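>>> my questions concern the predicted model and sequence given below.
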Amino acid sequence: MLDKKKLEELKRRDVPMQTKVEAICTGTDAIQRFAEKHVIPVMRAILSPSDYEAALISIYYRIYIWLLSLVKLRNPIHIQAASAAARSTFELLLDLKALSGDPKLEAKYHAFTFVERFHAAETLINYINSTSGTTGVYKIERDFINDATNITQFNSLLTTQSGKRDRSGKRDRSEAESGTGPLLAIWAEAESGTGPLLAIWAGRELT
């Protein structure tokens with residue numbers, strides 16, 4: 001069995017880079033096949049998942065989809081794509097760890113998707129209006145951000161899931177910096193917008 005001690009011993013060995021890469025590819029392929037055989041069927045068997053279970057299932061599926069891509073990236077020219085996939089998979093694992101440690105975070109997990117979608121549509125329309133003055137294009141996005149129900153939901157989620165906000169709409173940074181905000185996370189990750197989905201809530205400013 002490959003325990004932690006054995007793994008450390010292997011790390012100290014002078015192994016050619018090609019051998020290491022081949023080992024990683026073999027391991028990734030094994031994980032993908034294990035997930036396909038043992039994990040995916042379990043998730044598909046859950047017919048009426050709770051909100052918490054739905055959050056976990058979505059993360060597992062996203063990891064599995066990344067694995068399906070990773071097992072195909074076997075050429076050195078794929079290094080950038082493989083690195084991005086590995087980073088994204090690691091961030092999903094962090095979300096999984098956060099959710100398993102605190103099931104109540106599922107509300108933030110689900111809210112994030114809607115808030116980011118609304119914010120992206122709003123940013124696009126504001127840009128189009130300010131640069132071209134064209135108001136008739138992107139009807140789907142315009143209808144989405146002008147819908148009264150969506151506006152109410154967006155504002156509500158910002159208040160209840162991403163912490164207090166000042167009058168400009170920006171998040172109160174003092175909450176997260178003091179570690180007393182609605183979600184404890186590292187500012188550096190959150191501000192860059194590249195951290196795990198849940199961590200971004202801690203410091204992302206939606207303006």
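Okay, I see it.

>>> send me stretch 138-147 as PDB with only the CA atoms.
Taking Å, rounded to 0.1, in the frame of the first residue of the first chain, the C-alpha atoms of stretch 138-147 are listed here in PDB:
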ATOM      1  CA  TYR A 138     -28.200  41.400 -26.600                       C
ATOM      2  CA  LYS A 139     -31.900  41.200 -25.900                       C
ATOM      3  CA  ILE A 140     -31.600  38.000 -23.700                       C
ATOM      4  CA  GLU A 141     -29.100  39.700 -21.500                       C
ATOM      5  CA  ARG A 142     -31.100  43.000 -21.300                       C
ATOM      6  CA  ASP A 143     -34.300  41.100 -20.400                       C
ATOM      7  CA  PHE A 144     -32.500  39.100 -17.800                       C
ATOM      8  CA  ILE A 145     -31.000  42.100 -15.900                       C
ATOM      9  CA  ASN A 146     -34.200  44.200 -16.300                       C
ATOM     10  CA  ASP A 147     -36.500  41.500 -14.900                       C
END
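
>>> mind listing what's buried in that stretch?
138, 141-142, 144-145 (16 or more other CB atoms under 10 Å). The way it works is simple: take the backbone N, C-alpha and C, and place the C-beta from them, glycine included.

>>> go through the residues you listed and name the one nearest Glu53.
Closest approach to Glu53 among the buried residues of stretch 138-147 (CB to CB): Phe144, at 27.7 Å.

>>> so where is the chain shaky, pLDDT-wise?
1-2, 133-136, 162-207 (pLDDT under 70).

>>> the strands in it, which residues?
Applying DSSP state E to the chain gives no strands.

>>> can you give me the domain assignment for it?
What automatic domain parsing lists as the domains of the chain is 17-101, 105-200.

>>> can you list those domains in JSON lines and add distance to Lys4?
JSON lines is the format used below for the domains of the chain (distance: least, CB to CB, whole Å):
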{"stretch": "domain 17-101", "distance to Lys4": "16"}
{"stretch": "domain 105-200", "distance to Lys4": "24"}
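
>>> okay, now Thr28: neighbour count?
Neighbour count for Thr28, taken as other CB atoms under 10 Å: 20.

>>> same question, Ile40
With other CB under 10 Å as criterion, Ile40 counts 14.

>>> skipping adjacent residues, who's closest to it in space?
Tyr64 (6.4 Å; CB to CB, 6 or more residues apart in numbering).

>>> hang on, isn't that neighbour packed against Val39?
Yes - applying CB atoms under 8 Å, one finds Tyr64 in contact with Val39, separated by 7.1 Å.

>>> residues making contact with stretch 73-80?
By CB atoms under 8 Å, 6 or more residues apart in numbering, the residues outside stretch 73-80 that reach it are 25, 81-82, 85.

>>> and these, which is closest to Lys11?
Checking these one by one against Lys11 (CB to CB), the nearest turns out to be Cys25, at 17.7 Å.

>>> how far away is that closest one from Thr19?
Separation of Cys25 from Thr19 (CB to CB, to the nearest Å): 11 Å.

>>> so between those two, which is more surrounded?
Legend: neighbour count by other CB under 10 Å for Cys25 and Thr19, higher for Cys25 (15 against 10).
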